[in-house]
Structures are given as C-alpha cells and as structure tokens.
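Novice: Predicted coordinates and the sequence they were generated for:
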Amino acid sequence: MIRNKKCMLIWHISSLIFIILTGSFFHFAYELFGRFKPLALIFAVNESVWEHNKIGFWPAVIFSFVEYFSWGKYEKNYFCAKALQLFLIPYIITSFFYTYTGIIGFHVLWVDIFIFVAAVAIAQYVFWQVLKTQECAAGILKFFCIACIIILIIIFSIFTFFAPQIPLFIDPLTGKAGI
C-alpha cells in the first residue's frame, strides 16, 4: 500500500509525464511506422476526436501495468480508481473539445493540446484521490470496475477498425472514419 506522500507524488508525476509524452508520440506514430495496420489499435490514425481520445487512453492503460505490478495489487481501490481515470480521459477530451468548438465554431491547436494535458492531469488527480480513500471497492463493485476497464479496452480496440459514421469518429481533414 502506498501511503508515503513523497512516493505517491513521484508516481503521480511519473504517470502524468509518461501519459503526456507517450500520448504525444502516439499522435504521430502511425504515420512514422508506415501506417502498419496492427499499430492502429493504439496509435491515432486520423484527426478525429475519437483518435485523439486514444492518445490519452492507451498510454494510461500501458502505465497501469507498471503501476499494478509495482504497487497497485496492494491497493483495495486500485481498479475503481483506474476505471474512473480511464473513463475520464476520453470523456474530458470529448466534452471540452465539443464545448469550446461549439461556442467559437472552430478548433485551435494550442487549445486542443491544453485539453489533452488537462484531461490527463484531471483524470490522474481523480485517480489518486479515489485511490487514497478508505472506502474499499471490493466484491461486486471491484468486479464492475474491472468489467468497465475491459469494456473500454474492447471499445477502443474495435472502433478504429469499425468506426461508426458519426462526427466523433470522422476525420475533419478527409471526411472518413477509422482507418
């Protein structure tokens, strides 16, 4: 159990930096690797909002393995906190993007980047706040949280290859969804 504040702060900052830097790389990696289709699973393949959600989601999932095997398996609320974090990143990105572009009528690159960083930071903060609560997410709640994580992973895996034809998935540059 991580209760040392200094240790928690180091993990918090490390996770934040990892997700932001890795997500930034994931934005361009599909092109860098020659549009190799299996990599489309985790890398952004176009400029749709959905694909921008992936650049926050997948690095958080990857870092989760390091967290879990380093210390998360000893935390009672780990899966509840992680499920909330993994849900919040795409939720915040999508909500903030459509809110501000709906108000001003267009998108601004630096605002998009700020939203990505803010979404990761807010989700990370919520993760740590839930993690340090004394409430125990055991039994059916723990099962529900693990199921939510699995469902999110499945959804993020499928919708790049079989994207619905709705604005969330449409690349504004090409007018196409998915690959």
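Specialist: Sure, I can see it.
Novice: can you pull the contacts of His27?
Specialist: Contacts for His27 (C-beta atoms under 8 Å, 6 or more residues apart in numbering) come out as 43-44, 52, 55. For the C-beta atoms, the positions are set from N, CA and C on the backbone; glycine is no exception.
Novice: could you redo the last one with a cut-off of 6 Å?
Specialist: His27 is in contact with 44, 55, counting by C-beta atoms under 6 Å, 6 or more residues apart in numbering.
Novice: Could you check how far it is from Phe127?
Specialist: For His27, the distance to Phe127 equals 22 Å [C-beta to C-beta, to the nearest Å].
Novice: got it, and Ser14?
Specialist: 13 Å.
Novice: the more surrounded of those two?
Specialist: Phe127 (26 against 13; other C-beta atoms under 10 Å).
Novice: List the residues that contact the more buried one.
Specialist: Phe127 sits in contact with 81, 85, where contact means C-beta under 6 Å, 6+ apart.
Novice: per-residue confidence for it?
Specialist: Phe127 carries a pLDDT score of 94 in this model.
Novice: Give me the below-cutoff pLDDT ranges for the chain.
Specialist: 1-3, 134-137 (pLDDT under 70).
Novice: any idea how far the residue nearest the centre of the chain lies from Phe144?
Specialist: Closest to where the C-alpha atoms of the chain average out (C-alpha atoms, centre = their mean) is Phe57, at 2.1 Å. For Phe57, the distance to Phe144 (C-beta to C-beta) stands at 19 Å.
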